[in-house]
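Enquirer: fold the following and give me the result.
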Amino acid sequence: MSDGQLSPQVRAAAGGAAHTLWRRRLRHDIRHELGTIIMLASAVAVSRDIGEVSRQRIEQLLGETRWLDHLLRRLDEDDDDQPLPFPERIRVDALTEEVVTGMRLATPHEVCLDADEAWAHMDPVALWRALRNVLDNACRVAGGRVDVRVEVVQGWVAVQIDDDGPGFGAGRGEQRQGLASLGLGIVHDLISGYGGSLEIRTCEMGGARVRMLLPSAPPPEPLPAVEAHPGGHADDGRPRP
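Expert: Predicted structure coming up:
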């Protein structure tokens, strides 16, 4: 049977399978290139002929490429119709600090962070994407300053990002609306998918305030200390080396 004799459904299925294979092969090649970048950047990071600031930028570059690799893996999972990744207990202030550190190296604006220890139930890649989208938009439109705050409020972890840009008000934020509409839609879906919510308003600096509320989680319990007892045994009865 020639291709012209195949039913539209069969041709569509064959075309879909070919497209899926093409996407998988393309992601394979992208991941290979990312691996090469990581290898080269790692070699530069440990060399002795670069300054401390350059070393920090290289280390941040390594972090960014690893997050990109996580995103590519999520695309593979999406092809397999996997559900949302199961939420983990993550340290929100630490992940926020990582994102802020990277943005400080990439923007001329002042990016200030005030963060309390905070744990939440969420997928770390989803939170990284949400933070990057909001912070990147704030730094694009800011006049010179972006403030980031992480705190625990009544059972929720609040991540608040303020900027001194044009805000979203009528007559002032048309340009910003175009920049932010897609990014904030992504953030809303990422946050709400794990039981959180998104608030947008005007802050004291005159720009936008984007506030993400995440389900709070208790911090992990510390591991019990193993004490040595006379006779060379630990408190669990096992002999110590």
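Enquirer: only C-alpha atoms from now on, for both contacts and neighbour counts.
Expert: Noted.
Enquirer: show me where this protein has helices.
Expert: With DSSP state H, the ranges of helices along the chain come out as 8-45, 52-79, 92-106, 124-141, 174-192.
Enquirer: what residues of the second one count as buried?
Expert: It refers to helix 52-79. By 16 or more other Cα atoms under 10 Å, the buried positions in helix 52-79 come out as 55, 57-63, 65-66, 68-69, 72, 74-76.
Enquirer: domain assignment for this protein?
Expert: With domains defined by automatic domain parsing, the chain comprises 10-79, 88-215.
Enquirer: comparing these by mean pLDDT, which bottoms out?
Expert: Among the domains of the chain, domain 10-79 carries the lowest mean pLDDT, a mean of 70.
Enquirer: run the chain-centre distance for it.
Expert: 15 Å (Cα atoms, centre = their mean, to the nearest Å).
Enquirer: so for the chain, the centremost residue is which one?
Expert: Centroid check for the chain by Cα atoms, centre = their mean gives W128 as the closest residue, at 1.0 Å.
Enquirer: buried deepest among the domains of the chain, which one?
Expert: domain 88-215 (a mean of 18; mean count of other Cα atoms under 10 Å).
Enquirer: over to it now: how far is its first residue from its last?
Expert: 11 Å (Cα to Cα, to the nearest Å).
Enquirer: next: stretch 110-124.
Expert: Stretch 110-124 end-to-end distance (Cα to Cα) = 25 Å.
Enquirer: residues contacting it, please?
Expert: 85-93, 97, 100, 103-104, 144-152, 157, 194, 214-219 (Cα atoms under 8 Å, 6 or more residues apart in numbering).
Enquirer: to P224, which of the domains of the chain lies closest?
Expert: Proximity to P224 (Cα to Cα) singles out domain 88-215 among the domains of the chain, at 19.7 Å.
Enquirer: what about stretch 95-111, distance to the chain center?
Expert: 13 Å.
Enquirer: no, scratch that, I was asking about stretch 97-115
Expert: The answer for stretch 97-115 is 14 Å, by Cα atoms, centre = their mean.
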